[in-house]
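Enquirer: Here is a sequence together with a model predicted from it:
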Amino acid sequence: MAEFDVEDVAPADGFTARLSSGTSLHLIACDGTTGRFFLVGADAPSRPVLYANSEGCVGLVGPSLAVALATLVALPNGYDCQFSPGGGDLGQMRRAHAYLRTGCGKDILNLDETQAFIVDELELDLPADPVLTLWQSVHATDPTQPFVDEGDGGLPWGSLLREWTIERLIRH
């Protein structure tokens, strides 16, 4: 399952990250690599969640924390593998999810039971179509507000929507 670590965020150093617009970011979790999850905007009952992965790509992953978590649970192979295929082509994302879900089922014992436990404990409502939910979230990212991290040179990060196809992943 993808990691969402809320306890060990200090090493992630979210203080140097910002949106060029000046919209506030609040670091809430890390993903086990050097990926970071941020709440976007001023304090409010519901704020979008931005994910900055370990490869210098960034995008929204949910219109709220509840939706982002539910989508992460529903897509157990993690965000990194979901939104990259085909430059954000929904069909490529669906194919990647189907392929990666098969591998996850082999790697994570009792995957369905683990997902059900997390959903119950966090009282999450899983999206009917998690791939579509993620696709919509990533496409809602405002390209006019680039994410920069002064701790990483201060250059704008790229989109989570990268150009590769699932065939490339299957070959390796």
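Expert: Perfect, I can see it now. Numbering: from 1, shown residues only.

Enquirer: buried residues in stretch 23-41?
Expert: 25, 27-31, 35-40 (16 or more other Cβ atoms under 10 Å). Any C-beta I mention is one placed from the backbone N, CA and C, and that applies to glycine too.

Enquirer: can you check stretch 59-70 too?
Expert: 59-65, 67-70.

Enquirer: So which residues of this protein form strands?
Expert: Residue ranges of the strands in the chain, as given by DSSP state E, are 17-19, 25-30, 36-40, 49-52, 57-62, 147-149, 158-159.

Enquirer: Take the ones you listed and lay them out in JSON lines including distance to residue 89.
Expert: Listed next are these as JSON lines, based on distance: least, Cβ to Cβ, whole Å:
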{"stretch": "strand 17-19", "distance to residue 89": "26"}
{"stretch": "strand 25-30", "distance to residue 89": "28"}
{"stretch": "strand 36-40", "distance to residue 89": "24"}
{"stretch": "strand 49-52", "distance to residue 89": "19"}
{"stretch": "strand 57-62", "distance to residue 89": "15"}
{"stretch": "strand 147-149", "distance to residue 89": "22"}
{"stretch": "strand 158-159", "distance to residue 89": "13"}
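
Enquirer: worst-scoring helix or strand of the chain, pLDDT-wise?
Expert: Of all helical and strand segments in the chain, the minimum by mean pLDDT, DSSP states H and E falls on helix 166-171, at a mean of 58.

Enquirer: Just give me the lowest mean pLDDT stretch among the strands of the chain.
Expert: Within these, confidence is poorest for strand 158-159, with a mean of 82 (mean pLDDT).

Enquirer: Would you mind listing the outside residues contacting it?
Expert: Contact partners of strand 158-159, identified using Cβ atoms under 8 Å, 6 or more residues apart in numbering, comprise 56-59, 88, 138, 141, 143.

Enquirer: same thing but at 6 Å, please
Expert: Here strand 158-159 makes contact (Cβ atoms under 6 Å, 6 or more residues apart in numbering) with 57, 59.

Enquirer: Tell me the strands beside it, with direction?
Expert: strand 57-62 (parallel) (DSSP bridges).

Enquirer: what ranges of the chain fall below the confidence cut-off?
Expert: When residues are selected by pLDDT under 70, those of the chain lie in 1-2, 10-14, 77-87, 101-109, 162-172.
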